[in-house]
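Colleague: My questions concern the predicted model and sequence given below.
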Amino acid sequence: MPPYSLADLPVLAFVILPGLIAVIFVWGTAEAWRRTGHAASARPAALMAAGGTLVWMGVTLAAADRGVFLDWDRTPPPFALLVASIFTLGAGIAFSPLGARLARLPLWALVVVQAFRLPLEIAMHALVSRGIMPEQMSYSGRNFDVLTGATAIVVAALVKTGIGGRRLVTVWNVAGLALLVNIVTVAILSTPRFAMFGDDRLNVFVVYPPFVWLPAVLVLAALAGHLIILRALRSRAV
């Protein structure tokens, strides 16, 4: 792992973007409570969301800082447990009562949140030239998730103005989820446990701070977001 600094903007992006997602999640929780007729409970709900988010971010960052995820020889590797936790937590949030309330937010707002994947992919691409991230995880390799981030802005605008509807969001959501599954698969196969793309193109940067927040926060947010949109599409008209 080459040296890196938070003074480098692409590296700092892995602090800024997770922080932004955390703020959006807390705000969205409060707004969801207000929109579902529970304005008096909006503040406590937001505080609980903030507390849970801070604990999760703090625990994963501390674990990365202590090198917990560096043991690739253990079965299962600690990083595999993190990945399993991310999928469990993402589905748990989306299909919980909280997810049901978040699904009541405007559909265009749920879509536009996924636009964070555009600057994320730009930052990830910049890490390749710094030798931090393997090329196959960028849009110059096998990662096309930048399309989800870029089109989220367009789709959200079309839905907001009434030009786009359920069919557009459904197609976009399925495509975005497929692209997310693709890059997660590439990332897992790039770890030292599999090394499918070669020992010189390993994905190890995600076990170091602050990059651990890429899977722990940003992938989690992308997954939960797609599943919440699915709930929104199934429960109501646009």
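Modeller: Happy to help now that I have it. Here the structure is a predicted model, which is why all the values come from computation and not from measurement.
Colleague: For Ala13, which non-adjacent residue is closest in space?
Modeller: Ala123 (3.8 Å; C-beta to C-beta, 6 or more residues apart in numbering). Quick note: C-beta positions are derived from backbone N, CA and C, even for glycine.
Colleague: Hmm, that neighbour is touching Phe14, no?
Modeller: Yes. If you go by C-beta atoms under 8 Å, Ala123 and Phe14 touch, sitting 7.0 Å apart.
Colleague: of these two, who's got more company?
Modeller: Using other C-beta atoms under 10 Å as the criterion, Ala123 and Phe14 rank with Phe14 on top: 26 against 21.
Colleague: how about the nearest residue to that one, chain neighbours excluded?
Modeller: Nearest in space to Phe14, with sequence neighbours left out and distances taken as C-beta to C-beta, 6+ apart, is Pro210 at 4.6 Å.
Colleague: what sits against the one you found?
Modeller: Contacts of Pro210 were listed using C-beta atoms under 8 Å, 6 or more residues apart in numbering, and they are 6, 11, 14-15, 18, 61.
Colleague: tell me the phi and psi of it?
Modeller: Note on Pro210: its backbone torsions stand at phi -90, psi 10 [degrees, to the nearest 10].
Colleague: so where's the protein uncertain?
Modeller: Counting by pLDDT under 70, the ranges of the chain that qualify are 236-238.
Colleague: Show me where it has its helices.
Modeller: 9-35, 42-65, 78-94, 97-102, 107-112, 117-129, 146-160, 166-189, 213, 220-235 (DSSP state H).
Colleague: what angle sits between the second one and helix 9-35?
Modeller: By that I understand helix 42-65. 150 degrees (axes from the mean of the first three to the mean of the last three C-alpha atoms, to 10 degrees).
Colleague: Grab the nearest non-local neighbour of Asp65.
Modeller: Nearest residue to Asp65, sequence neighbours excluded (C-beta to C-beta, 6+ apart): Pro209, at 5.0 Å.
Colleague: Can you give me the neighbour number for the one you found?
Modeller: There are 16 residues near Pro209, going by other C-beta under 10 Å.
Colleague: That one reaches Leu61, doesn't it?
Modeller: Yes. Between Pro209 and Leu61 there is a contact under C-beta under 8 Å: 5.2 Å.
Colleague: List the contacts of the residue in the chain sticking out farthest from the centre.
Modeller: For the chain, the largest distance from the centre (C-alpha atoms, centre = their mean) belongs to Ala40, which lies 29.7 Å off. Residues near Ala40 by C-beta under 8 Å, 6+ apart: none.
Colleague: Quick check: the gap between it and Arg34.
Modeller: Applying C-beta to C-beta, to the nearest Å, the value for Ala40 to Arg34 is 9 Å.
Colleague: now do Ala45
Modeller: Ala45 is 10 Å from Arg34, by C-beta to C-beta.
Colleague: Likewise for Gly164?
Modeller: Distance from Gly164 to Arg34, by C-beta to C-beta: 26 Å.
Colleague: Kindly report the same for Val217.
Modeller: Counting by C-beta to C-beta, the gap from Val217 to Arg34 is 25 Å.
Colleague: Could you check how many residues crowd around Phe25?
Modeller: 23.
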